[in-house]
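S.K.: Got a sequence here, can you model it:
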Amino acid sequence: MQFVQIFKQLGLDLNLLAGTNLNVTPVHKANDLRHYQQAVHQEQRRLADIDTFLQRKIDYFDDLATK
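M.R.: Residues are numbered from 1 along each chain as shown. Prediction:
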């Protein structure tokens, strides 16, 4: 279920998970999965940047609260 949510969030083709397209070669499927993996890595970097930003804000306000 989590895979489906992740694929939807990233705009990826859910058919790749189902394996229902018999016309797709294993090479094509592997290439598609590599592309999707790159999309996931980009999303991870984006989320890490957001997390870093939030942590800086938290630290800033925590510091203000202790003064």
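
S.K.: can you give me the strands in the protein?
M.R.: For the chain, strands defined by DSSP state E do not occur.

S.K.: What segments of it are helices?
M.R.: 2-10, 15-18, 26-65 (DSSP state H).

S.K.: In terms of mean pLDDT, which of those ranks lowest?
M.R.: With a mean of 70, helix 15-18 has the lowest mean pLDDT of those.

S.K.: out of the helices of the chain, deepest packed?
M.R.: helix 15-18 (a mean of 13; mean count of other CB atoms under 10 Å). For the C-beta atoms, the positions are set from N, CA and C on the backbone; glycine is no exception.

S.K.: What distance do you get for residue 54 to residue 41?
M.R.: Separation of residue 54 from residue 41 (CB to CB, to the nearest Å): 20 Å.

S.K.: Equivalent analysis for residue 55, please.
M.R.: From residue 55 to residue 41 the distance is 21 Å (CB to CB).
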